[in-house]
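Undergrad: sequence and computational prediction follow.
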Amino acid sequence: MIMILLPITANAFLLRVGLKNGVSGIVVSATSYFDLIDMHTNQVILTTYGWRNYKIDVENGGLAVEGVGTFQGPIILAPISNAFGKVDNKAYRGKLEISRTNNARIMVVNIIDIEEYLYGVVGSEMSSSFPLEALKAQAIIARTFALAGLKKHQDKGYNLCSTTCCQAYNGALAESLIITTAVDQTQSLVLSYGGNLAKTYYHSCCGGKTAPFIWKGQGEPYLQSKNCPFCNHLRNSSYSWTQRISFYELQKAFGTDKITSISINAQDESGRAKTILICQVSGNTTIDANKFRSTMGYTRVKSTLFTMDNDGQGVVLNGNGYGHGVGLCQWGARGMAEAGYTFKEILGFYYPGVCLQKIAFEKKMRGRQDE
Ligand SMILES: [Zn+2]
Ligand SMILES: [Zn+2]
């Protein structure tokens with residue numbers, strides 16, 4: 001293992017995760033005692049027990065807390081001892097910051113230690129029924145992915161959002177003992193390449209061959225297409241799938257003329273469709289395969305690794321895998337873990353040549369929970 005200290009900024013230790021942005025009102029509570037603090041005056045405006053819900057709305061240019069008063073904000077919900085704060089009945093570790101946006105709406109940010117954030121992410125991105133070594137691999141790539149994306153929503157006032165745009169994060173609801181164990185046993189570990197955080201893309205199932213990562217004509221040496229003999233798992237319904245789409249549906253979806261046939265025009269080195277040719281009565285149209293997938297729905301066309309057979313009225317897709325196919329294959333990681341491979345071997349297989357290292361945070365950040 002190579003140890004290099006990466007130039008990660010100090011405020012990386014506590015993440016700001018955007019939970020809501022632009023809602024008209026919220027309801028807060030907690031699993032036990034909590035304080036509400038108005039950051040404008042730095043005063044505790046309420047100390048209460050969690051079972052009661054408090055509505056917060058925007059009113060007269062401030063944040064109106066039902067039965068308490070109207071405040072400039074932002075308002076911090078700080079649970080006392082080990083309680084979890086709740087927004088709209090969903091529980092989160094750390095603190096919750098409620099603020100008013102410029103257009104008189106409400107934004108909620110979860111201020112949370114990165115390791116505690118990962119408890120929620122790993123449980124949201126991978127099933128807790130997966131083996132521990134696969135979950136440990138997931139924890140490391142989720143940690144790396146989060147740290148690499150800290151500036152993603154900087155303009156909005158937080159680091160990451162809680163959807164798959166960044167990584168799915170469902171708060172404390174997604175936690176379980178095996179998930180917290182996977183995060184704890186890999187604490188501070190990340191993947192790096194050439195002194196920088198690696199691009200740790202991952203997906204559900206590659207269908208037998210991972211996809212090459214090409215961005216603006218450039219690839220990453222550790223994100224090449226490779227055969228994956230591990231995801232053809234008895235319980236994996238995404239390994240192979242069939243989907244029929246009628247020409248009529250395609251005409252509506254892509255606004256074309258009457259379609260006479262549709263076929264794959266170009267493939268990448270992994271066999272995934274790159275472009276699709278739509279032949280119509282009036283002429284031909286070529287569309288990007290990823291566009292085809294997003295238009296028809298990611299759950300319907302699970303990947304771009306498919307064949308196309310026309311049946312006169314429509315097209316039958318016989319496909320493999322689920323997701324973009326780049327980087328770690330989660331079902332493959334499960335297969336590897338069940339075959340006895342460790343998390344290091346799993347990561348080495350899907351990201352060959354990357355280094356596993358501990359990330360260093362500036363110590364002074366510890367304990368500064370309001371940052
Ligand atoms: Zn995002
Ligand atoms: Zn695979």
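TA: Done, it's in. Numbering: from 1, shown residues only. Ligands and ions are numbered 1, 2, ... in the order given.
Undergrad: the strands in the stretch 1-150 of the chain, which residues?
TA: Per DSSP state E, counting those that start in this stretch, the stretch 1-150 of the chain carries strands over the ranges 14-23, 25-30, 34-38, 43-48, 54-59, 62-65, 69-71, 75-79, 85-87, 90-92, 95-100, 106-113.
Undergrad: looking at the ones you listed, which is nearest to ligand 2?
TA: strand 14-23 (29.3 Å; C-beta to the ion). C-beta coordinates here come from the backbone N, C-alpha and C atoms, glycine included.
Undergrad: quick one: mean pLDDT over the closest one.
TA: What strand 14-23 shows for mean pLDDT is 96.
Undergrad: ok so, going back, let's have the strands of the stretch 1-150 of the chain in a markdown table, adding distance to ligand 1 and mean neighbour count.
TA: Formatted as a markdown table, the strands of the stretch 1-150 of the chain follow (distance: least, C-beta to the ion, whole Å; neighbours: other C-beta atoms under 10 Å):
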| stretch | distance to ligand 1 | mean neighbour count |
| --- | --- | --- |
| strand 14-23 | 7 | 20 |
| strand 25-30 | 20 | 19 |
| strand 34-38 | 27 | 22 |
| strand 43-48 | 31 | 13 |
| strand 54-59 | 24 | 17 |
| strand 62-65 | 24 | 20 |
| strand 69-71 | 28 | 16 |
| strand 75-79 | 22 | 24 |
| strand 85-87 | 18 | 24 |
| strand 90-92 | 17 | 21 |
| strand 95-100 | 17 | 22 |
| strand 106-113 | 13 | 22 |
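Undergrad: so which of those comes closest to M126?
TA: strand 14-23 (18.4 Å; C-beta to C-beta).
Undergrad: compute the inter-axis angle for that closest one and strand 106-113.
TA: Between strand 14-23 and strand 106-113, the angle comes out at 170 degrees (axes from the mean of the first three to the mean of the last three C-alpha atoms, to 10 degrees).
Undergrad: show me what strand 14-23 packs onto, helices and strands only.
TA: With contacts taken as 3 or more C-beta pairs under 8 Å, 6 or more residues apart in numbering; DSSP states H and E, strand 14-23 sits against strand 106-113, helix 114-125, strand 160-161.
Undergrad: any residue of the longest one up close to ligand 1?
TA: The reference is to helix 114-125. No - shown here: helix 114-125 not in contact with ligand 1 (C-beta under 5 Å from the ion), separated by at least 12.1 Å.
Undergrad: average pLDDT for that helix?
TA: 95.
Undergrad: who touches that helix?
TA: Defining contact as C-beta atoms under 8 Å, 6 or more residues apart in numbering, one finds that helix 114-125 is touched by 12-15, 17, 92-94, 110, 135, 138-139, 142-143, 146-147, 167-176, 179-180, 182-184, 187-188, 202, 330.
Undergrad: of those, buried ones?
TA: By neighbour count, with 16 or more other C-beta atoms under 10 Å, the contacts of helix 114-125 hold 12-15, 17, 92-94, 110, 135, 138-139, 142-143, 146-147, 167-172, 174-175, 179-180, 182-183, 202, 330 as buried.
Undergrad: return only those of those residues found close to ligand 2.
TA: Applying C-beta under 5 Å from the ion to the buried ones among the contacts of helix 114-125, none is adjacent to ligand 2.
Undergrad: where do the helices sit along the stretch 201-350 of the chain?
TA: Using DSSP state H, counting those that start in this stretch, the helices found in the stretch 201-350 of the chain span residues 247-254, 289-296, 330-338, 343-350.
Undergrad: and the first one, what's buried?
TA: The reference is to helix 247-254. Buried residues in helix 247-254 (16+ other C-beta under 10 Å): F247, L250, F254.
Undergrad: distance from it to the middle of the chain?
TA: Distance of helix 247-254 from the chain centroid (C-alpha atoms, centre = their mean, to the nearest Å) equals 31 Å.
Undergrad: tilt between it and helix 289-296?
TA: Going by the same axes, to 10 degrees, helix 247-254 makes 100 degrees with helix 289-296.
Undergrad: and helix 247-254, what other elements does it pack with?
TA: Here helix 247-254 touches strand 259-267, helix 289-296, strand 314-320, going by 3+ C-beta pairs under 8 Å, 6+ apart.
Undergrad: among those, which is nearest ligand 1?
TA: Of all those, helix 289-296 comes closest under C-beta to the ion, at 16.8 Å.
Undergrad: for the closest one, packing partners?
TA: Using 3+ C-beta pairs under 8 Å, 6+ apart, helix 289-296 is in contact with helix 247-254, strand 273-280.
Undergrad: hmm, 10 Å instead?
TA: strand 240-246, helix 247-254, strand 259-267, strand 273-280, strand 283-288, strand 306-310, strand 314-320 (3 or more C-beta pairs under 10 Å, 6 or more residues apart in numbering; DSSP states H and E).
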